[in-house]
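Novice: The sequence and its predicted three-dimensional model are supplied below.
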Amino acid sequence: MEDFHIASIVVSTIRNAPVLMFAAMAGLFAERSGVVDIGLEGKILASAFVSAAVGYTTQNPWAGIAAGVAVSVVLAMVQAFVSITQKGNQLVAGIAINIAMSGLTFVVAQYIFQQGGRTPDLGSARLSDVVLPGTAALADVPFLGWFYANVIGGHSPLVYLAFALVPLVHWVVYHSRFGLRLRACGENPHAADAAGVSVEKTRYLAMLVAGILCSFSGAYLSIVQSGFFLRDMSAGAGYLALTALVFGNWRPLQTVLGCLMFGFFSAVQIQIEGVDLPVVGRIPGSLIQMIPYVVTVIVLAGLMAKSVAPKAIGKPFVKSR
Amino acid sequence: MKQMKTTELPRWATGFVLPVLNLLSALLVAALVIHLLGESPVESMKILVNSAIVNPEGLAYTLFYASTFIFTGLAVSIAMKAGLFNIGAEGQMYFGGLGLTLTVLAFDHTLSPWLLIPLAMLGSALFGALWAFLPGYLQAKRGSHVVVTTIMFNFIAASLMNFIIVKYLIPEGEQNPASRVFAESAALPTLNTWFPMFGDTPLNIGLPVAIVALVVYGVMVSRSSWGYQLRATGLNQHAAHYAGVRISRMIVVAMLISGALAGLAAVNSVMGSTHYLSLNFPAGAGFVGIAIALMGRQHPVGIFLSSVLFGALIQGGFDLSLEKPNIPVETFVFIQGLIILFCGAMENFYAPAVLKLINATRKG
């Protein structure tokens, strides 16, 4: 039984992490370019709803995902317009999007489906898990059979996409032209400007990438994990992703470690709920729910990692004359 | 004498014209959404105004909600003056509710209202401040961004309060996740004793208390040397530090006051209406505080007017949702987000146009 617990914690860690990974990679592009992205939460929520709604109506999960991308990009562009062109307060813009989407997704879901702000179950329109070739052949091999079927294989395509993105994002940020410009705009926009890089254009591009990546986080929540949209179902995932970013020092690989850590905590939370533990006894679910947020505060307090934000983060760029 | 062309907007424009234009833009987008939901924005507006302003009982409810919002608005505003964006008013208010409930549960059968009510207010302010202390301290000493820590503290407060209420405060034999009902001595005196036209509504002395708080806030922030230091910290930390302000201390104190004000917001809604502590009683009032602080530009008069506006939206919105099922109360959460976007993040959207207009009229 002991082993079974650890096994299911491993599997659910892998399944929990993508929500945070997509959002954290989105935040990484935005914040590395110098735009604070507190609005991840709202974009996740909006794309979760639209993906579920369109996925259900068309009975095609990919159509749902595509629609989610579109909506998330629109929101990212609103945020970009306010933050970059209008030079408004980026934190306020993000919070505004989060609050507005928390209300609007409910209103529209209620209007269309009349189920208390929920979408109907997607049923067969959910993304099915990938079964790797040879799973059956290996099934009888101890450990390896389980490992191949449940850890390497047996996940939704979006899980593979999330993990495949990590090296890609690393390469883009550190080894491509765009990545160099991105980092320059986030660290020293005036120098970038003097070198002939358009700070505005780079930041808009970064927000576009952020919008696309963030939408997968929402689609994963509704189309893969739950199979429906529920009011406020993102439950702080956008903020946790931001924290993973702080934890990972705005670097792709370390950020993913942060996401896996949070995924691990919520996997443990489900496992120890209602179980009598030695010494402490039974821990109520409401206290276990606090764990990721408490860990976040500890991380933010700098007790686990020293992190240095991009220097120009949150500051609108005003071209010097 | 002919007036010179100006590059800076006069105060009446930044303080009044721009916020009104921003508010109208937000309402215009909201009207469009209501239209898309198949309802008439004009008719909805009529129902809203009738229910929230014209009808005296409705007006009393509007002012009742506004009394809570004035406190959360003040909480967010005073932090904003120090350059801190306190998103944690929701959690601080929730904890303030715990502080007052513990006080009331301990003394409501022994103390007279004259002692009990001030003591309960003290309890709520203390617990609210306590919940804001750590984010303030971490911002001041460790540079942890107060925005993210206060968001986390909101989530932690929600879980922790759930635990405390369910485990310790539910009276024996009850299922409903709430504390026991307070004794009569803990009820805030309602205003209908003096103004019978308000009828049977919960509007209470919380409103005059909130107005006093607004005045104290105005004097402290704009007329005292402490307020000057507070604003200096918010405008330019380096300059304030050079002028002798202890920045870390200022940040912690501003967050403590902000938390205390948010905690006080609980007094009106718990002791003025429900008379027991229930799960999730703040119901978003802390977030409304953000919209109010931005819309009212942290000015006492602005905070008051925005609080009344939001009180009207909540009261009118509730009646509207009964008549028009397609416009549930969540529509007003969306409108709240729009108001934050237009009045907060895009506050200067219309500034160039207004400036042009002013210059054009002066030339002619």
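Specialist: The structure has been received and is ready for your questions.

Novice: In the stretch 251-364 of chain B, what residue spans correspond to helices?
Specialist: For the stretch 251-364 of chain B, the helices defined by DSSP state H, counting those that start in this stretch cover B:285-295, B:300-323, B:331-339, B:351-363.

Novice: Could you pull out the buried residues of the lengthiest helix in chain B?
Specialist: As assigned by DSSP state H, the longest helix anywhere in chain B is helix B:113-142. For helix B:113-142, burial by neighbour count (16 or more other C-beta atoms under 10 Å in any protein chain shown) applies to B:113, B:116-117, B:119-132, B:134-140. From N, CA and C alone the C-beta is placed, and that goes for glycine too.

Novice: Next: stretch B:267-280.
Specialist: Under 16+ other C-beta under 10 Å, the buried positions of stretch B:267-280 are B:267-278.

Novice: ditto for stretch A:164-176
Specialist: A:165-166, A:169-170, A:172-173.

Novice: between those residues, which is nearest A:L127?
Specialist: Nearest to A:L127 among the buried residues of stretch A:164-176: A:L165, at 16.6 Å, using C-beta to C-beta.

Novice: you'd agree that closest one is in a strand?
Specialist: No - under DSSP: H, G, I helix; E, B strand; the rest coil, A:L165 falls outside any strand and is assigned helix.

Novice: now it: how far from B:N280?
Specialist: The gap separating A:L165 from B:N280 is 36 Å, by C-beta to C-beta, to the nearest Å.

Novice: that older thread, mind checking which of the buried residues of stretch B:267-280 land in strands?
Specialist: Members of the buried residues of stretch B:267-280 lying in strands (criterion: DSSP state E): none.

Novice: can you redo the residues you listed as JSON lines with pLDDT?
Specialist: Shown next, in JSON lines, are the buried residues of stretch B:267-280 (pLDDT from 0 to 100):
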{"residue": "B:V267", "pLDDT": "96"}
{"residue": "B:N268", "pLDDT": "95"}
{"residue": "B:S269", "pLDDT": "93"}
{"residue": "B:V270", "pLDDT": "95"}
{"residue": "B:M271", "pLDDT": "94"}
{"residue": "B:G272", "pLDDT": "92"}
{"residue": "B:S273", "pLDDT": "91"}
{"residue": "B:T274", "pLDDT": "90"}
{"residue": "B:H275", "pLDDT": "92"}
{"residue": "B:Y276", "pLDDT": "94"}
{"residue": "B:L277", "pLDDT": "95"}
{"residue": "B:S278", "pLDDT": "93"}
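
Novice: give me the subset of the residues you listed touching chain A.
Specialist: Among the buried residues of stretch B:267-280, no residue is within reach of chain A (C-beta under 8 Å from any C-beta of the partner chain).

Novice: Can you name the secondary structure element that comes next after the longest helix of chain B?
Specialist: Downstream of helix B:113-142, the first helix or strand assigned by DSSP states H and E is helix B:146-164.

Novice: roughly how far out does stretch B:173-184 sit from the chain middle?
Specialist: Centroid separation between stretch B:173-184 and its chain, computed with C-alpha atoms, centre = their mean, to the nearest Å, is 27 Å.

Novice: Ok, stretch B:338-354 next?
Specialist: With C-alpha atoms, centre = their mean as the basis, stretch B:338-354 stands 20 Å off its chain's centre.

Novice: Over to stretch A:172-188?
Specialist: 21 Å.

Novice: now the strands: where do they sit in the stretch 151-300 of chain B?
Specialist: Counting by DSSP state E, counting those that start in this stretch, no segments of the stretch 151-300 of chain B form strands.

Novice: Pull up the residues of it that are close to chain A.
Specialist: B:151-153, B:155-156, B:159-160, B:162-163, B:166-167, B:287, B:290-291, B:294.

Novice: any idea of the angle the longest helix of chain B forms with helix B:146-164?
Specialist: 130 degrees (axes from the mean of the first three to the mean of the last three C-alpha atoms, to 10 degrees).

Novice: Can you list the low-confidence ranges for chain B?
Specialist: For chain B, the stretches with pLDDT under 70 are B:1-5, B:363-364.

Novice: and if we set it to 50?
Specialist: B:1-2 (pLDDT under 50).

Novice: so which residue of it comes closest to chain A?
Specialist: B:G337 (2.5 Å; C-beta to the nearest C-beta).

Novice: Around that residue, how many other residues sit close by?
Specialist: 26 (other C-beta atoms under 10 Å in any protein chain shown).

Novice: Would you agree it is in contact with A:G103?
Specialist: Yes - contact criterion C-beta atoms under 8 Å: B:G337 and A:G103 qualify, at 6.2 Å.

Novice: In three-state terms, label A:G196 for me.
Specialist: coil.

Novice: okay, the helices of the stretch 251-364 of chain B, which one's buried deepest?
Specialist: helix B:285-295 (a mean of 30; mean count of other C-beta atoms under 10 Å in any protein chain shown).

Novice: and it, what other elements does it pack with?
Specialist: Applying 3 or more C-beta pairs under 8 Å, 6 or more residues apart in numbering or on different chains; DSSP states H and E, we find helix B:285-295 packed against helix A:90-113, helix B:18-36, helix B:56-81, helix B:89-107, helix B:247-269, helix B:300-323, helix B:331-339.

Novice: Just give me how far that helix sits from the chain centre.
Specialist: Counting by C-alpha atoms, centre = their mean, helix B:285-295 comes out at 5 Å from the chain centroid.

Novice: In CSV, could you pull the C-alpha coordinates for it?
Specialist: Only the C-alpha atoms of helix B:285-295 are listed here, as CSV (Å, rounded to 0.1, in the frame of the first residue of the first chain):
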residue,chain,number,x,y,z
ALA,B,285,-16.0,43.7,-0.4
GLY,B,286,-12.2,43.7,-0.2
PHE,B,287,-11.9,43.6,-4.0
VAL,B,288,-14.5,46.3,-4.4
GLY,B,289,-12.2,48.4,-2.2
ILE,B,290,-9.6,48.3,-4.9
ALA,B,291,-12.0,49.6,-7.5
ILE,B,292,-13.1,52.3,-5.0
ALA,B,293,-9.6,53.5,-4.2
LEU,B,294,-8.7,53.7,-7.9
MET,B,295,-12.0,55.4,-9.0
